[in-house]
Each structure stands twice: as structure tokens, then as C-alpha cells.
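Student: with the sequence up front, the predicted model follows.
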Amino acid sequence: MAKTKVIIAGAGIAGPVLAMFLKGTGYDPIIYERTESPTNHGLSLVLQPNGLKVLKLVPGLLDKVVGGRIKELVQMSVLPEDLGELSRSDAPSRGEAAMGVSVTGVRRTVFHRLLLEHAESLGIPIVFGHQLVSLEQASDSVTVTFANGKTDTASFVVGCDGLHSNTRECLFGLQEPTFTGLVQTGGLSETPEVLLGKQIVMNVYGEGAHMIAYPVNDHQTSWGFTTKEPEAKETWRAMDEEAQRKFREGPYSQWPFGAGEIISRGQNIIKYGLYDRPELESWHKGRVVLLGDAAHPTSPHIGQGANQAFEDVYHLVRLLTKYNPDAAEPSTELLSNIFTEFEKMRIARTSEFVKRARKQGEYRVVEGVEECKKRNDHFRGEPMMPPAQLQEMVVHPYAVGHSEVTLVL
């Protein structure tokens, strides 16, 4: 008997992982991606314990991840009136001891390529150059039409097509993302000698600016510099050479603690606005559901965007396994029940992360010496990953050794 076919819109970070989970639980996934080929978009991300526990369920995947292991979180101030280290936390090391996974910084392009290659090695088709433009739902299927005029039909569809999700627009109409008022300039640098082997996420606070930097392999550091500026659309193309030179040689290149050296060594520097979206009341209609940034895009200030998408993957497939254990062709009623339960447990949690990230960004980037001192005092008294947040990762999306999803691949 033919397996239940599932169309996944989007071959970014979430789509291939979802496809592996569906394949490993008896479904027949196919991924359609709007771009013509894998892109170089994006800089990096931090794989945190909650996301890593999801990836660990895919046999052999974590062993292939190339990244920079992170053991400590450090916060520093370059404000002349309050210069020095604000706080230091070994939460990543404690998390590794509790959960058996290492917080890891990865280059997005390298990690993305790994996900695509691993999915394809499992026989999952990934079709580029297909932008979803419409959905036609029947009683037992969904037909997708693409911008090139081609169509395909599957039992159900999952939209993993990111911030500018066509699937979301088809379901709920056009809703522009919300600019947070913050812009990030970022790049990749050869790690300065003073930071080689440090295995830290470094947050550095100045007046009207915040910098985050972390290793993505044994010799490179990824960094992002956040400021309040007019909106800058995320083209993900590098700034022109003159603009890059000015940034490398500008005042931020004089920051201490190795931060300035990172800036002065920056390559392929890009500039982009930071966006999120208002909370949706529902993530599905009929036989179509949203997941990851298509459902709950967030600004990057707490590093949970991809990790929350991986939690989505785990719980969606957990519920499919629970209520449709044979991966048979599900009725619309069954899918609606599954998608509704999925939303009930995920909307509140992801919305809290979106709000928390926006608030963190606003709190980090302040102007005026006195306001900066207040911010610094706040971060002195609050570790970057408080015990309650670490405990969240211990239990979400599942406690170690208690996964309700087993993949057969």
C-alpha cells in the first residue's frame, strides 16, 4: 500500500528536519522550495539543548554537525563609565551534563547544507524553483499550485516557508511582518588569538549598541551588532566593499575584550532589519498547518528561533504518531484534531519566546550613560541563562530518555 504523502513547503532549516521525522514515522514527504538552489542567506545560529534533543533523534545527524562548542556565557560592558565584565555563567556546561548535548554555534549555510544532504541521503526528494502560490483543499487531499504553473497533490501540507510564508498568506491573507525598530549588522571573522579556544558566547554592551559573538568552528567567530536605525530589508546580500570597510574601521573596531578585533576582521558583512509577527490565533485550516517561522517568526535576541521550530517538529510528529500510529491516510477531522492539539500546546509557548526576544533586544540597546548603567546593573544581577530557563530546556520538548517519538530510518 502506498504511503501517505505529505508536501512540505520550504527547504530552510525546519523543512528538512520535519521531512526526516515524517519519513522515520512512515510517511512519504516531499519538500518544495521557492529558491532555485540552496542559498547563502543567513549568518549563524546557536543549537541549544531543547533543539539538540530533537536533532539527536535523527540517527547519525548530530555526529555530522560542524560547529563551535560553547561552555560559558559572558556579558561585558565597554561603557567607559562602567567598563568590565558584568556576569559569567557556566549554564551551557551544566546543561550538557544534564542533557548530554553540547550547546553549539553553527554557520547557517554549513548547517543548512548538512540538513539537505542528510534528508536526500534518506531518499527524501527536495524540489527547488517551486514557489507555492495557492492551495485547493478536497475532502481527503490538498492540491498545491506553484508559480511555475506546476501542481502536486498530497494528503496534507505543512508550511515551513519562513518569515515571508506563502502558505501563511494562502491560509490567512497577507500580513506584513513587524519591524522591531532594531537593525543588525553581522559577519564572520577569523577568531582573534585572545578568544581562540574560549568556547564562549560573548555579549558586549555599549551605548546604543549590543554585540553578540560566538565560535562556529575552531577558527571562526560569527557576530551580530544590533543598533536602533531606520528599517533595513533583509536582502542577505553583503554590503558594498566601501560600506564594509567603513564598518571594519569604524569606532566599534576599538572596543576591548577582543570585540574590536572581531569587527576589524569581518568578512561578507551584511545588514538587515529584525522582524517578528503578531501572534496567530490558529496555525491551521483544514489539511494545512504552519510550523516554525511561518507560524511564529521571532527576533534573534534569545537564540530560540530554530530551536522552537525543532520543538514544533517534535510535537507535530508526536501527535501524528499518537493519533495515527500506522501513518494511514488521515481524515480531515483527525488532522483537525491533531493540528488543534498541536496549536494549544505550542502557540502560548512560542508567543512567549517572541515577546521575550523583543523585550531583550529593546533592553540591550539603550542610549545615555545613566540608562546604560541601569542596563548593566540589570545584567549583573541576571545571568544570561537563569536556572528556570535551563530547567525549561531539561523538560522541553521531552525529558532525556523519555522521547515519545522513535524514528526508523
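Tutor: Cool, got the structure. Numbering: from 1, shown residues only.
Student: all strands of the stretch 101-250 of the chain, in order?
Tutor: In the stretch 101-250 of the chain, strands defined by DSSP state E, counting those that start in this stretch lie at 104-107, 126-127, 132-137, 142-146, 151-154, 156-159, 178-190, 200-206, 209-215, 220-228, listed in chain order.
Student: sheet-wise, list the partners of the shortest one with their directions.
Tutor: According to DSSP bridges, strand 126-127 forms sheet pairs with strand 28-32 (parallel).
Student: flag every buried residue along the strand it pairs with.
Tutor: Within strand 28-32, the residues that count as buried by 16 or more other C-beta atoms under 10 Å are 28-32. From N, CA and C alone the C-beta is placed, and that goes for glycine too.
Student: dump the residues you listed to TSV, plus pLDDT and distance to V110.
Tutor: Listed next are these as TSV, based on pLDDT from 0 to 100; distance: C-beta to C-beta, whole Å:
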residue	pLDDT	distance to V110
D28	98	28
P29	98	23
I30	98	25
I31	98	19
Y32	98	23
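Student: closest one of those residues to W255?
Tutor: I31 (41.8 Å; C-beta to C-beta).
Student: how about the closest one, what does it touch?
Tutor: Contact analysis of I31 by C-beta atoms under 8 Å, 6 or more residues apart in numbering lists 8, 10-11, 15-16, 19, 119, 124-127.
Student: and if you look at T321?
Tutor: Counting by C-beta under 8 Å, 6+ apart, T321 touches 25, 404-405.
Student: now S253
Tutor: So S253 contacts 260-261, 263-264 (C-beta under 8 Å, 6+ apart).
Student: out of those, which is nearest to G303?
Tutor: I263 (20.4 Å).
Student: distance of the closest one from H41?
Tutor: 22 Å (C-beta to C-beta, to the nearest Å).
Student: neighbour-wise, which of these two wins?
Tutor: I263 (25 against 17; other C-beta atoms under 10 Å).
Student: re the thing from before, who wins for proximity to F172 among the strands of the stretch 101-250 of the chain?
Tutor: strand 156-159 (10.6 Å).
Student: got a pLDDT number for the nearest residue to K285 once chain neighbours are set aside?
Tutor: Nearest in space to K285, with sequence neighbours left out and distances taken as C-beta to C-beta, 6 or more residues apart in numbering, is L171 at 4.9 Å. Here the pLDDT value assigned to L171 is 97.
Student: quick one, what contacts L171?
Tutor: L171 makes contact with 135, 159, 284-285, 288, 290 under the criterion C-beta under 8 Å, 6+ apart.
Student: most neighbours, which of those?
Tutor: G159 (30 neighbours).
Student: bridged to that one, which residues?
Tutor: Going by DSSP bridges, G159 forms beta bridges with A9, L290.
Student: could you pull out the helices for this protein?
Tutor: Assigned helices in the chain, in chain order: 14-24, 49-55, 91-99, 108-121, 166-172, 241-249, 259-264, 305-323, 332-364, 369-381, 387-395 (criterion: DSSP state H).
Student: can you pick out the most distant pair from the contacts of S253?
Tutor: E261 and I263 (7.3 Å).
Student: which one, of the strands of the stretch 101-250 of the chain, ends up nearest to K3?
Tutor: Nearest to K3, of all the strands of the stretch 101-250 of the chain, is strand 151-154, at 10.9 Å by C-beta to C-beta.
Student: which other helices and strands does the closest one contact?
Tutor: strand 5-9, strand 28-32, strand 142-146 (3 or more C-beta pairs under 8 Å, 6 or more residues apart in numbering; DSSP states H and E).
Student: H378: which of those strands is closest?
Tutor: Per C-beta to C-beta, nearest to H378 of these: strand 5-9, 40.7 Å.
Student: next, the angle from that closest one to strand 132-137.
Tutor: Going by axes from the mean of the first three to the mean of the last three C-alpha atoms, to 10 degrees, strand 5-9 is angled at 150 degrees with respect to strand 132-137.
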